[in-house]
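Peer 1: Pasting a predicted model and its sequence here:
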Amino acid sequence: MRRHIAPLSLVLSLALLPAAAPAQTPTADPDVRCLLVSNVFAEKEPDAKKKQVAILTVTYYLGRVDAKLSPEKFRTAVVAVGKEPLGKDIATTMTNCARALQTKQVATAEMMQGIAKSQAPAAAATPAKGR
């Protein structure tokens with residue numbers, strides 16, 4: 001994972017460079033948008049709690065992006081996000097990305113609790129060996 005985080009600043013700066021005009025403008029991937037916006041907040045946010053949320057959000061979206069995009073598609077998606085006018089909407093985007101992560105965390109915790117409950121009776125019914 002470390003190999004992807006360090007170059008994000010470089011990738012962000014590359015996204016701002018003018019690119020050759022494609023025949024069709026690629027659609028910006030929402031996961032890449034969240035990754036890049038949360039990376040900005042992870043680097044610039046002065047509030048420690050908000051910075052920690054941003055760091056966790058970077059990690060989450062980095063995993064999502066890494067799992068679905070090749071390096072070439074990732075670069076194309078970064079360029080597409082770089083062409084979007086985020087401006088004053090960047091804080092709203094960060095909030096939405098962090099909320100999506102929180103929703104996923106809650107759903108995962110509920111799923112894990114359900115699995116644990118379904119496994120508990122089976123574990124209790126099995127006698128311990130050697131005692």
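Peer 2: Sure thing, it's come through. Residues are numbered from 1 along each chain as shown.
Peer 1: Three-state assignment for Leu35, please.
Peer 2: For Leu35, the assignment made with DSSP: H, G, I helix; E, B strand; the rest coil gives helix.
Peer 1: Pull the contacting residues for Gly114.
Peer 2: Contacts for Gly114 (C-beta atoms under 8 Å, 6 or more residues apart in numbering) come out as none. C-beta here means a position set from N, CA and C on the backbone, and glycine is covered the same way.
Peer 1: Give me the neighbour count for Ala77.
Peer 2: Ala77 has 24 neighbours, counted by other C-beta atoms under 10 Å.
Peer 1: for Val79, same thing?
Peer 2: Neighbours around Val79, by other C-beta under 10 Å: 21.
Peer 1: Secondary structure element for it, which one?
Peer 2: Counting by DSSP states H and E, the element that carries Val79 is helix 71-82.
Peer 1: Return the set of buried residues in that helix.
Peer 2: Buried residues in helix 71-82, counted by 16 or more other C-beta atoms under 10 Å: 74-82.
Peer 1: Please apply the same query to stretch 61-74.
Peer 2: Of the residues in stretch 61-74, 61-62, 64-65, 69, 74 count as buried by neighbour count, 16+ other C-beta under 10 Å.
Peer 1: now, which of those residues sits nearest Lys104?
Peer 2: Arg64 (9.7 Å; C-beta to C-beta).
Peer 1: Chain neighbours aside, what residue packs nearest to the closest one?
Peer 2: Asp31 (4.7 Å; C-beta to C-beta, 6 or more residues apart in numbering).
Peer 1: was I right about that neighbour contacting Val65?
Peer 2: Yes: using C-beta atoms under 8 Å, Asp31 is in contact with Val65, at 5.2 Å.
Peer 1: All good on my end, thank you.
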